[in-house]
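Enquirer: below is the sequence, then the predicted model.
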Protein chains: 2
Amino acid sequence: MAERGARVASGGSRARTLPEIVTTPDELRRLRLEWTRSGRQVGLVPTMGALHPGHLSLVALAQRECSTVVVSIFINPLQFGEGEDYLAYPRQLESDLALLAERGVQVCYCPTVDGLYPDGFATKVVVKAGGDLWEAARRPGHFAGVATVVAKLFASTGPCRAYFGEKDVQQVAVVRRLALDLDLGVEVVMGPTIRDRDGLALSSRNQLLSAAGRESARCLSRALTKAGEQFRAGVVRGVDLTRAAASVIEQEPGVELHYAGVVDPSDFQPVEVASADSRVLVSAQLEGVHLIDTSRLGSPLQLER
Amino acid sequence: MAERGARVASGGSRARTLPEIVTTPDELRRLRLEWTRSGRQVGLVPTMGALHPGHLSLVALAQRECSTVVVSIFINPLQFGEGEDYLAYPRQLESDLALLAERGVQVCYCPTVDGLYPDGFATKVVVKAGGDLWEAARRPGHFAGVATVVAKLFASTGPCRAYFGEKDVQQVAVVRRLALDLDLGVEVVMGPTIRDRDGLALSSRNQLLSAAGRESARCLSRALTKAGEQFRAGVVRGVDLTRAAASVIEQEPGVELHYAGVVDPSDFQPVEVASADSRVLVSAQLEGVHLIDTSRLGSPLQLER
């Protein structure tokens, strides 16, 4: 464990106690026993670190709803495919901990890869939810990797609630189904996507973009806005709205469209006729970085920063 | 829940309070919270009912080691393949509860199939342990069905220890790996196989045999004994010991050998040269009933009844 009581200066003004750092499931289980015995309700915010205001909004939500908040930071190799950006994924534990300290987070679970996947590891959790399209089709094995690590995080943390961001809406569907199906007793809460003022959905991967790439990446949120505008103007055919979103991304130089779709939020299947509740999904790659975004068709994007 | 305080007369002499019957994961989770808060250590004995002295020996073991014992009774459809005996599997909840009452078991978890696998259920837990031979090869999907239900039972019960019989030694390997891999914090305890005086390993499926079938079924334990005798007489080649065991079963009229093997207990792969620690595995079918048995090569069978 990290030295308790270590203090950190951050942002020049506030100094807060660093979170207690837990690195093994057994340690976490011992803490959990204490929490249960003292009647605490645990909220878990699973992250891969490189924390941004999207993560911190989930932390704030968890703090409002739970008496103890655990933030996990673990870049899960199982959910990265071959040729994906596991090695490039941003790692910045020290500044992450400072951010969590500022927010008064008491416990941070930072297991190692060898700790969670020791020699002989042989288990895979497969959840056939969230459909077989979009991220499921684009990244084979990705959601099994997510479900496996989330099952582990839930088992060792024992949360009442766990918090995930809406940007990864298909992942949320997988995790909700997992929690129900394995009787984990965890309520999966979806927090809103946090965006920069210009619309770009916050993502740790945005860090991997050049300044020009950062500009180009705005085409994803513009595609969502375009579909919403068309819908409010009376276009309701799924294929037409999809085309409208896709063309925004396709017109952006240097950006490769992976997919665009207008789907039923219950099963992620493309809709023939869209409603305000339909969900728009887009994904694109630029400068080797895989980005995704989503919105409810009938709601304008919330630019919250 | 069953009426608490209901009393049952069993065996003519002893009358004990029936176990509390819990039928949903949520109910069990509430009880579990009480147990944790009052410092109880929970032991779980997962069964498919039709309890026999093998199960009851696991209950007794759990009672010695844990302050609260939960016995689950659930015939898990996921672990039965097509054409297997899911429908024929013996069901006798009333007498099972009486047996558990006699032993002072306080809680019995009896979920329904619809309760554990509601519409939309979409999760599968796959554990690549215990090798890909023997039961794994004979019953494709069987161990995934076992792992999935055991993950659910562990999640809702939250036991410190769970008890399984040695007869299903390959299953024990799967469940041990599952408990480790998903950070479930459960110690998986393997209790010895209980046998009738004539050697037959107790199994709920023995009930499905005629009197003549019951006699013939003894060939499985005789095959194990034969391999052990040969080993003590100096035979050490895996293939020779396997042949000795297999021939005992093949010579029994009306019995179809499924497999015989002499394996390394760590990976269930056939051994070239056997040691006392090698494990003999046999399986056969008679009167449509699938039976398995196993022993440590260097140990004589324990006839404990």
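Expert: Received the coordinates, thanks.
Enquirer: now do the phi/psi pair for the spatially closest residue to residue A:138 that is not a sequence neighbour.
Expert: Nearest residue to residue A:138 in three dimensions, chain neighbours excluded: residue A:258, at 5.8 Å (C-beta to C-beta, 6 or more residues apart in numbering or on different chains). All C-beta atoms are positioned from the backbone trio N, CA, C, and that covers glycine. Dihedral pair for residue A:258: phi -90, psi -50, per degrees, to the nearest 10.
Enquirer: from chain B, how far off is residue A:258?
Expert: Residue A:258 is 24 Å from chain B, where distance means C-beta to the nearest C-beta, to the nearest Å.
Enquirer: same thing with residue A:20?
Expert: Counting by C-beta to the nearest C-beta - residue A:20 and chain B are separated by 18 Å.
Enquirer: now do the contacts for residue A:25.
Expert: Contact analysis of residue A:25 by C-beta atoms under 8 Å, 6 or more residues apart in numbering or on different chains lists A:111, A:115-116, A:152, A:155-156, B:183, B:185.
Enquirer: surely residue A:245 and residue A:225 touch.
Expert: No. Taking contacts as C-beta atoms under 8 Å, residue A:245 lies outside contact range of residue A:225: 9.1 Å.
Enquirer: I'd assumed residue A:110 was in contact with residue A:70.
Expert: No. In this structure, residue A:70 is not within contact of residue A:110 by C-beta under 8 Å, at 10.8 Å.
Enquirer: domain assignment for chain A?
Expert: Chain A breaks down by automatic domain parsing into domains covering A:7-191, A:204-296.
Enquirer: those domains: lowest mean pLDDT?
Expert: Lowest mean pLDDT within those: domain A:7-191, at a mean of 94.
Enquirer: flag every residue of the stretch 51-200 of chain A that's near chain B.
Expert: For the stretch 51-200 of chain A, the contact set with chain B under C-beta under 8 Å from any C-beta of the partner chain comprises A:116, A:120-129, A:147, A:151-152, A:155-156, A:177-178, A:181-185.
Enquirer: all helices of the stretch 151-300 of chain A, in order?
Expert: According to DSSP state H, counting those that start in this stretch, the stretch 151-300 of chain A carries its helices in the segments A:169-181, A:211-216, A:218-232, A:238-250.
Enquirer: give me whichever of these is most buried.
Expert: Comparing the helices of the stretch 151-300 of chain A by mean neighbour count (mean count of other C-beta atoms under 10 Å in any protein chain shown), helix A:169-181 comes out on top with a mean of 23.
Enquirer: how far is that one from where the chain is centred?
Expert: 12 Å (C-alpha atoms, centre = their mean, to the nearest Å).
Enquirer: for that helix, packing partners?
Expert: Secondary-structure packing of helix A:169-181 (3 or more C-beta pairs under 8 Å, 6 or more residues apart in numbering or on different chains; DSSP states H and E): strand A:123-127, helix A:135-138, helix A:142-157, strand A:161-165, strand A:187-191, strand A:279-286, strand B:123-127.
Enquirer: returning to what we had before: of residue A:70 and residue A:110, who's got more company?
Expert: Shown here are residue A:70 and residue A:110; by other C-beta atoms under 10 Å in any protein chain shown, residue A:70 has more neighbours (29 against 18).
Enquirer: looking at this, that one is in a helix?
Expert: No. Per DSSP: H, G, I helix; E, B strand; the rest coil, residue A:70 lies outside any helix segment and is strand.
Enquirer: which residues lie in contact with it in this structure?
Expert: The contact partners of residue A:70, by C-beta under 8 Å, 6+ apart, come to A:28, A:42-45, A:107-109, A:157, A:159.
Enquirer: ok, now with 10 Å
Expert: With contacts defined as C-beta atoms under 10 Å, 6 or more residues apart in numbering or on different chains, residue A:70 is in contact with A:19-20, A:22, A:28, A:31-32, A:35, A:42-46, A:62, A:105-109, A:153, A:156-159, A:162.
Enquirer: just the ones of those in helices?
Expert: Mapping the contacts of residue A:70 onto helices (DSSP state H) picks out A:28, A:31-32, A:35, A:62, A:153, A:156-157.
Enquirer: any idea which of the residues you listed is closest to residue B:235?
Expert: Distance to residue B:235, by C-beta to C-beta, is smallest for residue A:156 among the ones in helices among the contacts of residue A:70, at 47.4 Å.
Enquirer: touching, that closest one and residue A:32? I think so.
Expert: Yes. With contact defined as C-beta atoms under 10 Å, residue A:156 reaches residue A:32; the gap is 7.4 Å.
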